[in-house]
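Enquirer: From the sequence below, what's the structure:
(2 chains)
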Amino acid sequence: MKNKITLFIIWYILWMCLTWPFDPEHAIVGIAVAGFITFITSDLFTPRLEHFGQINRYLWFFYFVFLFLGECLKANINVAIRVLNPKLPIHPGIVKVKTDLKSEIGITFLGNCLTLASGTLCVDVDQERRFLYVHSLDVKSQDTGESAQLIVNKFEKVLERIFE
Amino acid sequence: MNNIIGTVFIIIGLVFDVIGCIGLIRFPDVYSRLQSSTKCAVLGTVSILLGTFIIRGVSPTGVKAFLTAVFLLLTAPVAAHALARGAYKSAARLWEKSVCDDYAENK
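Expert: The predicted model follows:
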C-alpha cells in the first residue's frame, strides 16, 4: 500500500508539471489520471521506500547526471567525427562486459547510459544478469571489450551508490 | 541574452540531428546505424528542447519541453535496445568486417 501511495504521489507531481500553470480543474482530473496510472503500473515498479529518505543518493544522482551529460557529449562528438570522416574509421563488434550491479533498475540505467554515452549499444542482458552484450563501434583487436569495460566500471561505481 | 543562448542550443541540436541522419545512411549494418541514429538524434533533439526551455523559461511551453527532453532520454535507449535485440534474433547480420561477435556463443 505504501508503494502505491508513493507511486501515486510521483505520478501526480508529474501530471502537475505537465499541466504547468496550476488550476483546480487540472488538479481534480489529475487525481483520476494518477490513480489510474498507479493501478496499471503498481506491479511493474516496486520502489524501495527506505531509499527515498537518504540524502546521499540524491547527491550521487546529481553527480551522475553531470557525469552522464559529459560522457554523452564526448561520445556524440566521437561518433560525429567518425560519420564525417570520408574513410569511415569504424571497427564494430559485439563484446561481452561484466557488471556487478544487482538491482533491475540499476542495470536498466547502466544499459541506457551505455547506449547514449560512449560509442556502445546495449544489445542484450544475460539471464543471470551478470553480463551485458554490447555492440561497440571501436573494438581494438587485442583488448577485446576492455574499453567498453572501463566505461561500464565508471558508471557502475556511481550507480551502485544510487540504486543498490 | 536568453534568446541568444537558446538559439545556439537549437543550432547545435540541428547540426547533431543532421549528422545522425548522415550516419544512418553511411554506416554499414543495423547496429552501427542504430548507434548513430540514437546517439546523435537523441542529443540533437534534447538540445533543441533545452534551447526551447531556455528561450521560454518557466512557462507552460518551457516546462513541457524540459519534461519531453527527460522522457526522450529515458525511452530512446530502451527502443534502441529492443530494435537491436530484435534484429539479432531475426538474424540480421553484422558487417562482414566486424571484429568480433561474443553474442553468438550465447545461443
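Enquirer: Buried ones in the longest helix along chain A, by neighbour count?
Expert: Longest helix of chain A, by residue count under DSSP state H: helix A:55-84. For helix A:55-84, burial by neighbour count (16 or more other Cβ atoms under 10 Å in any protein chain shown) applies to A:57, A:60, A:64, A:67-68, A:71-72, A:75-76, A:79-80, A:82-83. Where C-beta positions appear, they are placed from N, C-alpha and C, glycine not excepted.
Enquirer: Also near chain B: which of those residues, exactly?
Expert: Checking the buried residues of helix A:55-84 against chain B by Cβ under 8 Å from any Cβ of the partner chain, the ones in range are A:72, A:75-76, A:79-80, A:82-83.
Enquirer: With pLDDT as extra columns, can I get the residues you listed in JSON lines?
Expert: Below are those laid out as JSON lines (pLDDT from 0 to 100):
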{"residue": "A:C72", "pLDDT": "84"}
{"residue": "A:A75", "pLDDT": "83"}
{"residue": "A:N76", "pLDDT": "85"}
{"residue": "A:V79", "pLDDT": "83"}
{"residue": "A:A80", "pLDDT": "85"}
{"residue": "A:R82", "pLDDT": "84"}
{"residue": "A:V83", "pLDDT": "84"}
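Enquirer: what about the longest helix of chain A, distance to the chain center?
Expert: 11 Å (Cα atoms, centre = their mean, to the nearest Å).
Enquirer: And the next helix or strand past it?
Expert: Using DSSP states H and E, the helix or strand that directly follows helix A:55-84 along the chain is strand A:93-98.
Enquirer: tell me the average confidence for that following strand?
Expert: Averaging pLDDT along strand A:93-98 yields 79.
Enquirer: helices or strands up against that strand?
Expert: Contact here means 3 or more Cβ pairs under 8 Å, 6 or more residues apart in numbering or on different chains; DSSP states H and E; on that basis strand A:93-98 packs against strand A:131-136, helix A:146-163.
Enquirer: Work out for me the element the residue positioned nearest the centre of chain A sits within.
Expert: What sits nearest the mean C-alpha location of chain A, by Cα atoms, centre = their mean, is A:F109, with 2.4 Å. Applying DSSP H and E as the criterion places A:F109 in helix A:104-116.
Enquirer: Next secondary structure after that helix?
Expert: strand A:120-125.
Enquirer: Can you give me the distance of the residue nearest to the centre of chain A to chain B?
Expert: A:F109 sits 9 Å away from chain B, going by Cβ to the nearest Cβ, to the nearest Å.
Enquirer: tell me the mean pLDDT for the top helix by length along chain B?
Expert: Secondary structure of chain B per DSSP H: the longest helix is helix B:60-89. Taken as a whole, helix B:60-89 has a mean pLDDT of 87.
Enquirer: Give me the buried stretch members for it, please.
Expert: Here helix B:60-89 shows B:62-69, B:72-73, B:76-77, B:80-81, B:83-85, B:87-88 as buried, counting by 16+ other Cβ under 10 Å.
Enquirer: One more: stretch A:9-23?
Expert: Buried residues in stretch A:9-23, counting neighbours by 16+ other Cβ under 10 Å, are found at A:10-12, A:14-15, A:19-20.
Enquirer: which of the residues you listed has the weakest pLDDT?
Expert: Lowest pLDDT among these: A:W20, with 78.
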